[in-house]
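pasting the sequence and the predicted coordinates here, then a few questions.
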Amino acid sequence: MALFAVAGQPSATAAADPAAAGGRATTADAGTGYWHTSGRQILDANDQPVRIAGVNWFGFETDNHVAHGLWARDYKSMIDQMKSLGYNTIRLPYSDDIFKPGTMPDSINFYNMNADLQGLDSLQVMDKIIDYAGSIGLRVILDRHRPDASGQSALWYTASVPESTWITDLKALATRYQGNPAVIGIDLHNEPHDPACWGCGDTSIDWRLAAERAGDAVLGVNPDLLIFVEGIQTYNGTSGWWGGNLMGAGQYPVELDVPNRVVYSAHDYATSVAQQSWFDDPTFPANMPGIWSKYWGYLFEQNIAPVWVGEFGTTLQSTTDQQWLKALVTYLRPTSTYGGDSFNWTFWSWNPDSGDTGGILEGDWQTVDTVKDGYLASIKAPAFDGGGTSGGGSSGTSSGTSSGTSSGTSSGTSAGTSSGTSSGTSSGTSAGSTGGDTGGAGSGGCTAALHVDNQWDAGFTATVTVTAGAAAVNGWTVKWSWPGGQQETSGWGADLAQSGSAVTATNLSYNGALPAAGSTTFGLQGTATGAFTVPALSCTAS
């Protein structure tokens, strides 16, 4: 996300009821191979419709040069949690700085986490994230968010990062991930805005022509990728969100040398980002479908091309924002009814450190904002077939030290002229208390200890540390029984199952093997009423 200009009030015409045939339901085995487009749908290699339903995980575009939160979590644990919540795609913003020789990631914690990232440069860390995501059925869209880490640019080039560098780096990414279907495509440039035009013919500012040049360059080295093309700010005097105005795409479509590769992308936000005139309309929120249809929805409704809402988000603190998000989710069409015959989307953001939207995660980088996540339930979609290569070795055996715990900066979400900085605080429900008790026990070649990280009126989060004994282990199982009515609701870093009060947690493929005295962690979230005693845990190695 970046900045915008407040638009004039467009007419609130009713959105047309799509006349195209209803889509087949998105199934868990959809998503095979590389994808292409047909009318308003994205289809997999077997011509099954797929739905992108994901999150933005930013950081590679900042001066940390890596996805944020790795100072607090193991990257595989983070991706596991995304999947467990029902997200199937990651939009991964980056800047061209990561292609500069010697660019290294900053603020990764290597103590008992992220061990296989140690010593890697930014692009190599990106490889690891993509490979692991693909191995568990998630897909990745690479987003050229900024020319450099200093801030968003109106056009796809700047004085220091010319168009030639932009295209060279896009081609480098397309070549790097050739043959890895976990990467489904590239978002060519984030949020073009004034003076960018669409269809004006001036090659220095016509974003549509630039997208054709870049799209053809990408497909020239990797013809299997989708090309995601965002809108602009102003078309024929009508302005909207940066990147959110696709009014010109119907008359002036992006035409590439390889057919059936273009997906148009819009961004849309609520008042926590900035005020727009349509929020003050007396008919709000009933006016919103007409707004969306005018700016970008018509492309889907008229079966012209698929539409992906690459960014949308809010803190949900105002009633207006709550009404906006509810209306937008309805407009994007429920998966249970329409399957892949729907708008595609990635929510802004997974990160809690987005200054004016917050994230799906709260400030501890583990607790889920269940209210915000719950709004998206009807438009989530299944993960896909596992693809790509293995994510690497064990993530939890390093005895190294942390490289820093700085939270870095937000990727720029403030309205107006501010580039936005991280607040690092929860945007959701009560943060509750932290600390908690730790309980643990050991037998069978390993020990396990549970620590309650956060507790509030109706729930809690906890971290379990598993440690091998005097000999290496190849796998582990941890068991315990809750002392009251606690119920595990989600977990990451382990396969968790609860029956009655009894919980069983088993290792995942990447964190089962531990050297002698080595350790790893997994986390969970659950419901609880009142304080409770931390249970005793048993650990059995295999």
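All right, it came through fine.

residue with max distance from the center of this protein?
Ranked by distance from the centre of the chain (C-alpha atoms, centre = their mean), the top residue is Ala470, with 39.8 Å.

show me where pLDDT drops low in the stretch 351-500 of the chain?
Applying pLDDT under 70 to the stretch 351-500 of the chain flags the ranges 386-443, 454-457.

just the helices in it please.
Here the stretch 351-500 of the chain has its helices, by DSSP state H, counting those that start in this stretch, at 370-375.

how about the strands in it?
Applying DSSP state E, counting those that start in this stretch to the stretch 351-500 of the chain gives strands spanning 433-434, 438-443, 446-456, 459-468, 476-481, 487-492, 495-499.

in terms of secondary structure, what does the third one contact?
Translated: strand 446-456. With contacts taken as 3 or more C-beta pairs under 8 Å, 6 or more residues apart in numbering; DSSP states H and E, strand 446-456 sits against strand 433-434, strand 438-443, strand 459-468, strand 476-481, strand 538-541. Placement of C-beta: from N, CA and C, glycine included.

turn these into JSON lines, columns for distance to Ala214 and mean neighbour count.
What follows is the helices and strands packed on strand 446-456, written out as JSON lines (distance: least, C-beta to C-beta, whole Å; neighbours: other C-beta atoms under 10 Å):
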{"stretch": "strand 433-434", "distance to Ala214": "46", "mean neighbour count": "12"}
{"stretch": "strand 438-443", "distance to Ala214": "53", "mean neighbour count": "16"}
{"stretch": "strand 459-468", "distance to Ala214": "42", "mean neighbour count": "22"}
{"stretch": "strand 476-481", "distance to Ala214": "48", "mean neighbour count": "21"}
{"stretch": "strand 538-541", "distance to Ala214": "52", "mean neighbour count": "21"}
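
out of the ones you listed, nearest to Gly340?
The closest of the helices and strands packed on strand 446-456 to Gly340 is strand 459-468. By C-beta to C-beta, the value is 33.6 Å.

what strands line up against that closest one, and which way round?
strand 446-456 (antiparallel), strand 519-527 (antiparallel) (DSSP bridges).

for it, output the C-alpha coordinates as PDB.
Backbone C-alpha positions of strand 459-468 (Å, rounded to 0.1, in the frame of the first residue of the first chain) are rendered in PDB as follows:
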ATOM      1  CA  GLY A 459      -8.300 -16.900  25.000                       C
ATOM      2  CA  PHE A 460      -4.600 -17.300  25.000                       C
ATOM      3  CA  THR A 461      -1.500 -18.000  22.900                       C
ATOM      4  CA  ALA A 462       1.400 -20.300  24.000                       C
ATOM      5  CA  THR A 463       4.700 -21.500  22.800                       C
ATOM      6  CA  VAL A 464       6.000 -25.000  23.300                       C
ATOM      7  CA  THR A 465       9.700 -25.700  23.300                       C
ATOM      8  CA  VAL A 466      10.800 -29.300  22.400                       C
ATOM      9  CA  THR A 467      14.400 -30.300  23.300                       C
ATOM     10  CA  ALA A 468      16.200 -33.500  22.400                       C
END
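
work out the gap between it and the centre of the chain.
How far strand 459-468 lies from its chain's middle: 25 Å, per C-alpha atoms, centre = their mean, to the nearest Å.

for the remainder of this discussion, apply numbering that starts at 368.
Will do, 368 is the new start, and the previous item becomes strand 826-835.

just want the angle from it to strand 854-859.
60 degrees (axes from the mean of the first three to the mean of the last three C-alpha atoms, to 10 degrees).

out of the strands of the stretch 718-867 of the chain, which gets nearest to Val629?
Across the strands of the stretch 718-867 of the chain, closest to Val629 is strand 854-859 (C-beta to C-beta), at 35.2 Å.

picking up where we left off before, okay if I get the helices and strands packed on strand 813-823 as TSV plus distance to Pro468?
Converted to TSV, these look like this (distance: least, C-beta to C-beta, whole Å):
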stretch	distance to Pro468
strand 800-801	42
strand 805-810	45
strand 826-835	38
strand 843-848	41
strand 905-908	44
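
these: which one's closest to Lys739?
Once the helices and strands packed on strand 813-823 are compared by C-beta to C-beta, strand 826-835 is nearest, at 14.9 Å.

now do the contacts for Arg700.
For Arg700, the contact set (C-beta atoms under 8 Å, 6 or more residues apart in numbering) comprises 708-710, 746.

ok, 10 Å please
385, 390, 418, 667, 706, 708-710, 745-746 (C-beta atoms under 10 Å, 6 or more residues apart in numbering).

hang on, the residue farthest from the centre of the chain packs against Thr814?
No: counting by C-beta atoms under 10 Å, Ala837 sits too far from Thr814 to count as a contact (11.3 Å).

quick one, which of the helices and strands packed on strand 813-823 gets closest to Met449.
So among those, strand 826-835 is nearest, using C-beta to C-beta, at 16.1 Å.

what ranges does the stretch 518-667 of the chain have for its helices?
530-543, 574-588, 655-659, 665-668.

other SSEs contacting the shortest one?
In this case it means helix 665-668. strand 629-636, helix 655-659, strand 674-680 (3 or more C-beta pairs under 10 Å, 6 or more residues apart in numbering; DSSP states H and E).

tell me which residues of that helix are tucked away?
By neighbour count on 16 or more other C-beta atoms under 10 Å, the buried set for helix 665-668 is 665-668.

tabulate the residues you listed (a markdown table), appending distance to Gly893 and pLDDT.
Below are the buried residues of helix 665-668 laid out as a markdown table (distance: C-beta to C-beta, whole Å; pLDDT from 0 to 100):
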| residue | distance to Gly893 | pLDDT |
| --- | --- | --- |
| Tyr665 | 44 | 98 |
| Leu666 | 43 | 98 |
| Phe667 | 39 | 98 |
| Glu668 | 42 | 97 |
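
which among those residues gets closest to Asp430?
Closest to Asp430, out of all of those and judged by C-beta to C-beta, is Leu666, at 35.6 Å.

where in this protein is pLDDT low?
Along the chain, segments meeting pLDDT under 70 span 368-396, 753-810, 821-824, 877.

quick one on the thing from earlier: for the helices of the stretch 518-667 of the chain, give me CSV that also has distance to Asn612.
Output for the helices of the stretch 518-667 of the chain, formatted as CSV (distance: least, C-beta to C-beta, whole Å):
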stretch, distance to Asn612
helix 530-543, 21
helix 574-588, 10
helix 655-659, 11
helix 665-668, 12
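
for those, which one sits closest to Leu623?
helix 574-588 (4.7 Å).
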